Structures are given as structure tokens and as C-alpha cells.
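**Q** let me see the structure of the following:
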Amino acid sequence: MTIRLLPPVLVNRIAAGEVIERPAAAVKELVENAIDAGASRIDVTLKEGGQALIAVVDNGGGMTCDELGLAVERHCTSKLPEDDLLRIAALGFRGEALPSIGAVSRLRIVSRPPCGDNAWEIVVEAGRKSAPVPAAHPPGTRVEVRDLFFATPARLKFLKTPRTERDLAVDAVRRLAMAYPAISFTVIGDEERVLLRLAAAGEPEAAIARRTRLAALLGRDFAENSVEIDAERGGFRLTGLIGLPTLNRAAPRDQYLVVNRRPVRDKLLVGAVRGAYQDVLARDRHPMVALFVDGPADEIDVNVHPAKAEVRFRNSGLVRGLIVGALRNALATAGHRASSTVAAAAVAAFRPAGSASASSAPRFAFPLPPSTPSLALAESVNSFLRPLDERPTPPTEAPLGTPRAQLHGTYILAETPTGIVLVDQHAAHERLVYERMKEALAAQGVARQALLLPEVVELDETGAARLTSRAEELAEFGLLLEPFGPGAVVVREVPALLPGLDVGSLVRDLADELAEWGDTLALKERIETFCGTLACHTSVRAGRHLSPAEMDALLRQMEATPNSGQCNHGRPTYIALDLADIERLFGRR
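**A** Numbers count the residues shown, from 1 in each chain. You can find the predicted model right below:
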């Protein structure tokens, strides 16, 4: 076959397949251009999920006639003034977005710089560019993308429903809006429906402006039930907000990472967050986090993905350690605090199922069986209230209050000056036991148990070398191994905490994680998982009667123990109800 140079239109369409794989990618590129242009207001319009129309309007710097002609040519950019790919400050720098979009759609750009006498318009259709012509437009730029992928119809069948594509496009704007709270964003959908509207944060202090923007994007629950992050290590700074463990989701969609003001989707974040929440959240639940990493530009490679969706850190272990350490410290600082959404859910469970008049009894969502005798109901209420009537002292000022009763041998009812607290005794004691076990491990180290027959584990040469290079660190966690020829290690001792351990599986997993993360997270996770299981089986069980002194001791220990707002599986250990919540239940408010 003869080697030949591909025509420019085909080259642009190939590039479009790498950069613009769906409407959301086009929206992301265009909004990034608007941000780089210094816009303080960006408006996005989507029709049919962006396939029929994407329009992005900004009040940024705009372009002259000559700049507009260059903007739709490949590898033309104003964002690398010194041609230094190691110090990239702009979001868009490849010079591929506009020509790639124009190669597969009908692209129209109208732009005017602030000092320009008039605007200029250029049209690109399926890669064919027209000459710029004068147009009417205020200072700024309007980009219209119509009939996306009409020039490559095969790609249309890979798109999802218009609603799904629309939601992905809105999510792309949301991620950029997190990093730029000083810019106002609006997204309009079909039938002029407002999909997103964010006012520019007027607060000059960056941290307050960011918190305001995150509250607008992630909701009031996140703002009220999150912990502030601010940590530094090795020239990198980590800031942001993380949700309490009891505020969690079934999928990791509400986990956001911004690196040097560039939103990225990075497996580093997923692994680091999982490690940080490992012993406070069940494995099938995911926390809400919004993290911002700032570091030296020459330590971060943002040029590793055609769509700039990923970054690579020169020292990924340092960044991952920063994330894990900062999140764990913040969660420990939160102490026994639990998400207020837990109490809200409890109140909602007691809401009347319908309105009740003054002359009729409230109708609750879980009504009593019609056959329940009124005398028996009265006796049940009296037996419940009797311990409260016999209380000898006023409630303590301690956060979790004074224990007043034990219900069903499982729950501790405590009274505070402003409400009541209901504690799950097993979940609470499970956390206390677990934290004590971790402290003992930290103080005494991990005990090792020698294998009667050392086990040889075969790996590839690179994996074996990684493990043996970290042999001293692995030994601190109870795993003693040595090189055993090329591509193999021999394991002589294992953690005594892990009986029945599948040594081969553990070593192979460690080799894989060292290749990806450069640390020993897998072994730490396995030890902590075992500790959690042991704590669960050695804790106060449901159904065990506790004396008033035992109940009081449990509450006081919870107040002094990190992460005691949830058990090892992420379930809440207590629910606090304010007196105002209780009064609303009975129509007093």
C-alpha cells in the first residue's frame, strides 16, 4: 500500500473523534474557551441534548477578524505564549477544539473584541471554512454548533437519549462552575427551560465564594453536613469540602476533583477517597466530596488526554497520600458528628400522611392496626413515658445528653436541654471497639506469624521488583517477603490479624496497587477490614440490657471518640431530634 498524506478535512474528523465524542465534550471545550477569554458571564443553550444546537455566549475578550480566521485552523492557539507544555495555565491550549467541531457540524462564530468597531462572523461546515464577514454583536463571542455529527452520521448511533446527553452537558458546565465561582453560568434547554443558573459569587474571600458555589451546586444538605479541608504537602495544597460519612450516595457521581482550576475525572481521586473513608463507610456506598488540588505546573502533566479529561502527577504517591491523610484527619476532627439528614429522615418518617383537623386525631404514615385496643395503646404510651417521669436530674449539657431509658434492648433514649437523642447501642459500641483496636495497632505494631511452609508467589519481573523494593515498609504491616529469583517472591511471615489469608492473592493485589498508587493501601485495608469484623462480633449486641451507668459511659465515650457518628459500615450510630422538630410533629409549630 502506498503511503500518502491524509487530506486536512479527514485529519480534522479523526481529531474530532478523539476530542468531541459527544455534545458534552463540545460544551466543555467551548465553555473553557469562554473562561480563558476572561468572561464573567457565560450562557449555554442546548437543543435536543446538544445534537441539534449548542450555543455558548460570553462577554469575554473576543477576537479580531484575523484571529477569528486562525481560530478554526488546527493547532492555532493564544494560550501557549512561550511554547512551554510544562507550564500550561489555560484550560484550552491544544488548538483542536474549534476545527474538530467544525469538521463534524455546522459551526458559526461571531466575535468582537472590547475595542472593536464591529464584530466578525465566520462559518465552518463539515470542515469547509468561509471567509470572515462583518456582523453585529456586542463585545464578546457567540459560538453556535448545529447538527453535530451530521458529517459523520455513524457517530450518531453511539449517542444516548437527548435527555442523557443533555444531563452530561450540564454536568460538564457544573464541574467548570465549581472551579470558577466568580463567573455566572446559565444553561437553557428545550422550550427555554432553565437547567442551571448560578450567580457570580460576590464574596471577595475565595473560600467563602467557593462554599457558596458548592452549596448552590450540591445542595444545602452538603453545605450543612460537610467538613472543611485545608492541607499542604510537598508544594501541593488541598482544599475543599467533604461530606460526613452518613451523607452518602449509591454511586460516586458526586465526587469532584479540580486540579489547578481544571476539572478532571481521575482514578486517583476514587482510590484516595475510598481509602480515606474505608473504615467509616460501607463498600457499596460513596461519600460526597469536592476537592481542589493546587500545585506546581511542572509537577502536573495536563497534556496526557486528547480531551484534557485526565492529568498525571509526577509524584502521584505524594498527592494520594495528601488526599487520604487530609480526609482522614478531617473526619477524625468531626468527632461524633452525624449528618443532619439522618434526623430529617427520621422526622419525615413521622410526618402525617394527610392533613388533620383540630377535632380529629393525626393520621401517620405507619398507622396502628385497627384492632389495637385503646386501653392497650394507653398502657404502651404510659410504659414508654414512665422512665421519663422518674428522671432524678435535669439533662446534662453534654452533646449526647443524659440517658433516660433503653428501648427494646437495642436503643438508648437520651435527653438533652434542647431535644432528644436515640442511640443504636450495638453500632455505637462497634465504633468504640474498632477505634481502640486501631490505637493498639498503632502503638504496638502489627504482630507477625511465621508460615510453616514459606509460600512462593510468581509474578512478572516488574511486579516482583516493586514489592521487594518496598519490603521494609511491608514488614511494618506484618508481611515479610524476599526476592526468589526473577519474577517471584517468597513470603515467610504474614499478619497474625489475618488468619486463613490467601497469601498469593494478597501479594498479587499488592503488586498491582503498587503499580497504580505506589503505596500499601491494599494491606492496610485488609487489616482494617478484619479489625472492623472483629469489632462487630465483640461489641455490645442488640437485646442486651444496659444499666444507667453503662448507658451513660457509652454516651460519654462516643463524645470522645473520632468517627463515632457512624459505625464501621457507615450506618448512623445516633439520631438527634430538636425540640422544635418534635413540636412540629404534634402540630405545636
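**Q** in which helix or strand would I find residue 62?
**A** Using DSSP states H and E, residue 62 sits within no helix or strand.
**Q** which strands and helices lie in contact with the top helix by length along the chain?
**A** Secondary structure of the chain read by DSSP state H shows that its longest helix is helix 425-444. With contacts taken as 3 or more C-beta pairs under 8 Å, 6 or more residues apart in numbering; DSSP states H and E, helix 425-444 sits against helix 521-538, helix 548-559. C-beta here means a position set from N, CA and C on the backbone, and glycine is covered the same way.
**Q** CA atoms of it as PDB?
**A** Taking C-alpha atoms only, helix 425-444 is exported to PDB below (Å, rounded to 0.1, in the frame of the first residue of the first chain):
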ATOM      1  CA  GLN A 425     -26.100   0.700  71.200                       C
ATOM      2  CA  HIS A 426     -24.500  -2.000  69.000                       C
ATOM      3  CA  ALA A 427     -23.500   0.400  66.200                       C
ATOM      4  CA  ALA A 428     -22.100   2.900  68.700                       C
ATOM      5  CA  HIS A 429     -20.100   0.300  70.700                       C
ATOM      6  CA  GLU A 430     -18.800  -1.300  67.500                       C
ATOM      7  CA  ARG A 431     -17.200   2.000  66.500                       C
ATOM      8  CA  LEU A 432     -15.700   2.400  70.000                       C
ATOM      9  CA  VAL A 433     -14.100  -1.100  70.000                       C
ATOM     10  CA  TYR A 434     -12.800  -0.600  66.400                       C
ATOM     11  CA  GLU A 435     -11.100   2.700  67.300                       C
ATOM     12  CA  ARG A 436      -9.400   1.100  70.300                       C
ATOM     13  CA  MET A 437      -8.100  -1.700  68.200                       C
ATOM     14  CA  LYS A 438      -6.600   0.800  65.700                       C
ATOM     15  CA  GLU A 439      -4.900   2.600  68.500                       C
ATOM     16  CA  ALA A 440      -3.400  -0.600  69.800                       C
ATOM     17  CA  LEU A 441      -2.200  -1.500  66.300                       C
ATOM     18  CA  ALA A 442      -0.600   2.000  66.000                       C
ATOM     19  CA  ALA A 443       1.100   1.700  69.400                       C
ATOM     20  CA  GLN A 444       2.300  -1.900  69.200                       C
END
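**Q** which positions within that helix qualify as buried?
**A** 425-435, 437-438, 441 (16 or more other C-beta atoms under 10 Å).
**Q** among the residues you listed, which two are most distant?
**A** 425 and 441 (24.8 Å; C-beta to C-beta).
**Q** on that earlier part again, report the buried residues of the helix or strand following the longest helix of the chain.
**A** Sequence-wise, the next helix or strand downstream of helix 425-444 (DSSP H and E) is strand 448-458. Buried positions in strand 448-458, judged by neighbour count with 16+ other C-beta under 10 Å: 448, 455, 457.
**Q** could you list every residue that touches the first one?
**A** For residue 448, the residues meeting the contact criterion (C-beta atoms under 8 Å, 6 or more residues apart in numbering) are 475, 478-480, 493-496.
**Q** make TSV out of those and add distance to residue 239, secondary structure and neighbour count.
**A** As requested, these are arranged in TSV below (distance: C-beta to C-beta, whole Å; DSSP: H, G, I helix; E, B strand; the rest coil; neighbours: other C-beta atoms under 10 Å):
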residue	distance to residue 239	secondary structure	neighbour count
475	35	helix	15
478	35	coil	21
479	35	coil	26
480	40	strand	17
493	41	strand	16
494	40	strand	22
495	36	strand	21
496	40	coil	13
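**Q** got JSON lines for the residues you listed, with pLDDT and distance to residue 137 too?
**A** Below are the contacts of residue 448 laid out as JSON lines (pLDDT from 0 to 100; distance: C-beta to C-beta, whole Å):
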{"residue": "475", "pLDDT": "82", "distance to residue 137": "68"}
{"residue": "478", "pLDDT": "77", "distance to residue 137": "68"}
{"residue": "479", "pLDDT": "83", "distance to residue 137": "66"}
{"residue": "480", "pLDDT": "91", "distance to residue 137": "71"}
{"residue": "493", "pLDDT": "91", "distance to residue 137": "73"}
{"residue": "494", "pLDDT": "85", "distance to residue 137": "70"}
{"residue": "495", "pLDDT": "77", "distance to residue 137": "68"}
{"residue": "496", "pLDDT": "76", "distance to residue 137": "73"}
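**Q** could I get the buried residue list for stretch 482-490?
**A** Applying 16+ other C-beta under 10 Å to stretch 482-490 flags 484, 489 as buried.
**Q** what's the end-to-end length of it?
**A** For stretch 482-490, the separation between the terminal residues is 5 Å (C-alpha to C-alpha, to the nearest Å).
**Q** worst-scoring helix or strand of the chain, pLDDT-wise?
**A** One helix or strand of the chain scores below all others by mean pLDDT, DSSP states H and E: helix 374-389, with a mean of 50.
**Q** next SSE after it?
**A** strand 402-407.
**Q** that following strand pairs with which strands?
**A** strand 411-416 (antiparallel) (DSSP bridges).
**Q** show residues contacting stretch 163-172.
**A** Contacts for stretch 163-172 (C-beta under 8 Å, 6+ apart): 22-25, 27-28, 31, 44, 46, 49-51, 54, 159, 187, 189, 195-196.
**Q** got the buried residues for it?
**A** Buried, per 16+ other C-beta under 10 Å, within stretch 163-172: 165-172.
**Q** pull the distance from that stretch to the chain's centre.
**A** Computed by C-alpha atoms, centre = their mean, to the nearest Å, the chain-centroid distance of stretch 163-172 equals 18 Å.
**Q** and stretch 421-429, end to end?
**A** Taking C-alpha to C-alpha, the first and last residues of stretch 421-429 lie 16 Å apart.
**Q** starting at the chain centroid, how far to that stretch?
**A** 28 Å.
**Q** not counting sequence-adjacent ones, nearest residue to residue 490?
**A** residue 484 (4.1 Å; C-beta to C-beta, 6 or more residues apart in numbering).
**Q** if the spatially most central residue of the chain is in a bridge, with which residues?
**A** Closest residue to the average C-alpha location of the chain: residue 255 at 1.4 Å, with C-alpha atoms, centre = their mean. Here residue 255 shows beta-bridge partners residue 289, assigned using DSSP bridges.
**Q** wait, what's in contact with it?
**A** Residue 255 touches 269-270, 273, 286-289, counting by C-beta under 8 Å, 6+ apart.
**Q** let's see 7 Å
**A** 269-270, 273, 286, 289 (C-beta atoms under 7 Å, 6 or more residues apart in numbering).
**Q** and these, which is closest to residue 318?
**A** Nearest member of the contacts of residue 255 to residue 318, counting by C-beta to C-beta, is residue 269, at 14.7 Å.
**Q** about what we covered before: distance of the residue nearest to residue 490 relative to residue 454?
**A** Counting by C-beta to C-beta, to the nearest Å, the gap from residue 484 to residue 454 is 9 Å.
**Q** tell me, what's touching the two both at once?
**A** residue 490.
**Q** what sits against the closest residue to residue 281 other than its chain neighbours?
**A** With C-beta to C-beta, 6+ apart as the criterion, residue 281 has its nearest non-adjacent residue at 3.9 Å, and that residue is residue 570. By C-beta under 7 Å, 6+ apart, residue 570 lies in contact with 245-246, 248, 280-282, 285.
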